[in-house]
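In: Quick one: sequence and predicted model below, then my questions.
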Amino acid sequence: MSDWITLKQNLPQKFIPLLLALMLINVSGGCNSKNTNAQSNNNQLEQKIVNSNDYPKSTLSPADLLHKRDRLAMVKNRGSLFCGINGQLPGFSAVDEQGNYSGIDVDLCRAVAAALFDDPTKIEYRELNTGERFTAVQSGAVDLLSRNTTWTLSRDTSVGLEFTPTTFYDGQSLLVGEASNIERLEDLDGKSVCVLLGTTNEQNLTEQMRKQNLNYAPVVFEETDALYSAYEQKNCDAVTSDRSQLIVRRASLTNPDTHKVLDLVLSKEPLGPLIANGQPQWFDVVKWVTYAMIRAEELDINSQNIDSFFQTNNPEIRRFLGLEGKLGESLGLSNDFTVRVIKHVGNYGEVYERHIGKPFGLERGLNALSTDGGLMYSPPFR
């Protein structure tokens with residue numbers, strides 16, 4: 001630790017984000033037996049970080065980042081939100097032929113923009129692969145990362161990230177061919193598995209196979225599309241990822257009925273947005289915008305009926321909607337920020353049904369409200 005402090009003191013400030021990025025590559029690696037593709041991907045990522053023409057422009061200088069400038073004020077002054085997303089995962093974040101983004105992760109970005117500007121379109125989306133995503137947050141290239149990312153202790157501490165509330169509780173599984181005869185983890189012994197580089201999925205698979213003394217060949221990718229393309233071209237025997245991702249991407253395969261997601265859960269994967277450390281007011285904004293969507297569902301307030309609550313005498317609802325008190329002002333927002341979020345984006349149940357429930361038939365499960373047996377609930381708005 002003392003070596004790091006000495007190095008940080010002697011290193012020019014402009015090189016500190018690069019050093020953090022290179023450390024991140026080592027932290028996120030989950031397998032000692034990476035194939036040559038993995039090493040090549042790492043080298044390419046390092047080059048992206050060095051070459052500013054290949055990497056999203058930072059909105060902060062390194063000096064500004066180190067001094068923890070006020071991100072909320074910067075976003076307000078800029079007049080738009082820079083949001084990092086996947087862009088290749090239907091249901092979470094994907095783009096259509098007209099260039100319109102949609103998904104649960106996208107709607108979180110839209111909710112924050114709605115709270116800030118009363119306009120959910122004031123966003124610049126930046127598609128980031130698994131290798132780029134954390135560096136983009138650290139460097140200030142994005143204000144917010146909303147990209148199906150798992151909350152872990154190491155990411156929350158040594159990597160310098162701050163996770164806001166979980167927006168989707170998931171678990172890791174396997175996608176295999178119906179005719180593959182793969183039903184259990186043990187059936188992967190001697191097989192090849194496609195997995196995204198630098199993810200908890202990669203680490204979890206390594207640990208599970210090691211625990212059971214099974215041999216396998218990891219085939220790693222940084223891009224989601226490339227991962228599933230390789231699987232469909234039979235370059236690997238199985239794909240491992242979060243169950244939700246496997247379900248939605250199975251639907252886009254050429255012959256989805258010839259593939260299946262196993263009833264196997266390898267891990268816990270709490271997915272949610274995150275920001276850089278040291279931005280307490282910005283953290284509060286993203287956190288309470290997320291809770292606003294959940295609390296609205298708890299109160300049975302949605303985008304279609306919200307106007308009918310403006311005349312209510314219920315003090316809790318009046319406070320939540322900003323009709324009484326100054327909760328919004330305490331966050332640096334308008335007192336009616338929850339109204340903006342619900343009118344423009346909807347409550348959590350609406351968002352889930354729109355992007356996951358209706359198109360893919362995936363039940364709420366752990367993502368149901370706590371009153372319905374799930375894990376979703378909001379702290380009090382008071």
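Out: Nice, thanks for sending it over.

In: check which helix or strand covers the nearest residue to Phe221 once chain neighbours are set aside.
Out: Leaving aside its chain neighbours, Phe221 sits nearest to Leu227 (4.4 Å; criterion: Cβ to Cβ, 6 or more residues apart in numbering). For glycine as for every other residue, the C-beta is placed from the backbone atoms N, C-alpha and C. Assigned by DSSP states H and E, Leu227 falls within helix 224-232.

In: Can you point out the buried residues in that helix?
Out: 224, 227-228, 230-232 (16 or more other Cβ atoms under 10 Å).

In: so who does Leu331 touch?
Out: Contact analysis of Leu331 by Cβ atoms under 8 Å, 6 or more residues apart in numbering lists 281, 284-285, 288, 337.

In: Distance of it relative to Phe283?
Out: Separation of Leu331 from Phe283 (Cβ to Cβ, to the nearest Å): 10 Å.

In: what pairs with Tyr169 across the strands?
Out: Per DSSP bridges, the residues bridged to Tyr169 are Pro270.

In: Pop the domain breakdown of this protein in here.
Out: 56-170+269-382, 172-267 (automatic domain parsing).

In: and the ones you listed as TSV, adding mean pLDDT?
Out: As requested, these are exported to TSV (pLDDT from 0 to 100):
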stretch	mean pLDDT
domain 56-170+269-382	94
domain 172-267	96
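
In: Give me the contact list for stretch 79-87.
Out: 59, 75, 92-95, 101, 103, 105-106, 109, 112-113, 116-117, 122-128, 133, 136-137, 141-148, 224.

In: before we move on, what about stretch 116-125?
Out: 75-76, 79-85, 87, 93, 101, 106, 109-111, 113-114, 285, 333-334, 340, 344-345.

In: before we move on, what about stretch 107-115?
Out: With Cβ under 8 Å, 6+ apart, stretch 107-115 has contacts from 80-81, 83, 85, 119-123, 125, 144, 146, 167, 273, 285-286, 289-290, 292-293, 333-334, 337-338, 340-341, 343-346, 351, 354-355.

In: swap the cut-off to 7 Å and go again
Out: Contact with stretch 107-115 is made by 81, 83, 119-120, 122-123, 144, 146, 167, 273, 286, 289-290, 293, 333, 337, 340-341, 344-345, 351, as judged by Cβ atoms under 7 Å, 6 or more residues apart in numbering.

In: Could you export it as PDB, CA atoms only?
Out: In PDB, the C-alpha atoms belonging to stretch 107-115 read as follows (Å, rounded to 0.1, in the frame of the first residue of the first chain):
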ATOM      1  CA  ASP A 107     -34.800   4.000 -18.600                       C
ATOM      2  CA  LEU A 108     -32.700   4.700 -15.500                       C
ATOM      3  CA  CYS A 109     -30.700   7.200 -17.600                       C
ATOM      4  CA  ARG A 110     -33.900   8.700 -18.800                       C
ATOM      5  CA  ALA A 111     -35.300   8.900 -15.300                       C
ATOM      6  CA  VAL A 112     -32.200  10.900 -14.100                       C
ATOM      7  CA  ALA A 113     -32.400  13.200 -17.100                       C
ATOM      8  CA  ALA A 114     -36.100  13.700 -16.400                       C
ATOM      9  CA  ALA A 115     -35.400  14.600 -12.800                       C
END
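
In: How are the helices of the stretch 101-250 of the chain distributed by residue range?
Out: 104-117, 133-139, 153-156, 200-211, 224-232, 243-250 (DSSP state H, counting those that start in this stretch).

In: now do the stretch 251-382 of the chain
Out: 280-298, 315-320, 327-331, 337-344, 348-352, 358-360.

In: closest to Leu246 out of the ones you listed?
Out: helix 358-360 (10.9 Å; Cβ to Cβ).

In: got a list of contacts for the closest one?
Out: With Cβ under 7 Å, 6+ apart, helix 358-360 has contacts from 91, 247-248, 251.

In: Which of the residues you listed are buried? Put it as a PyMOL command.
Out: This is the PyMOL syntax for the buried subset of the contacts of helix 358-360, where burial follows 16+ other Cβ under 10 Å:
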select buried, resi 91+247+248
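
In: and which of the contacts of helix 358-360 is nearest to Ile317?
Out: Distance to Ile317 across the contacts of helix 358-360 (Cβ to Cβ) is lowest for Gly91, with 30.8 Å.

In: which residue packs closest to that closest one, ignoring adjacent ones?
Out: Going by Cβ to Cβ, 6+ apart, Gly91 has Val248 as its nearest residue, at 4.5 Å.

In: Leaving out chain neighbours, which residue sits closest to Tyr377?
Out: That would be Ser370: by Cβ to Cβ, 6+ apart, it lies 4.1 Å from Tyr377.

In: burial measure for that neighbour, as a count.
Out: 12 (other Cβ atoms under 10 Å).
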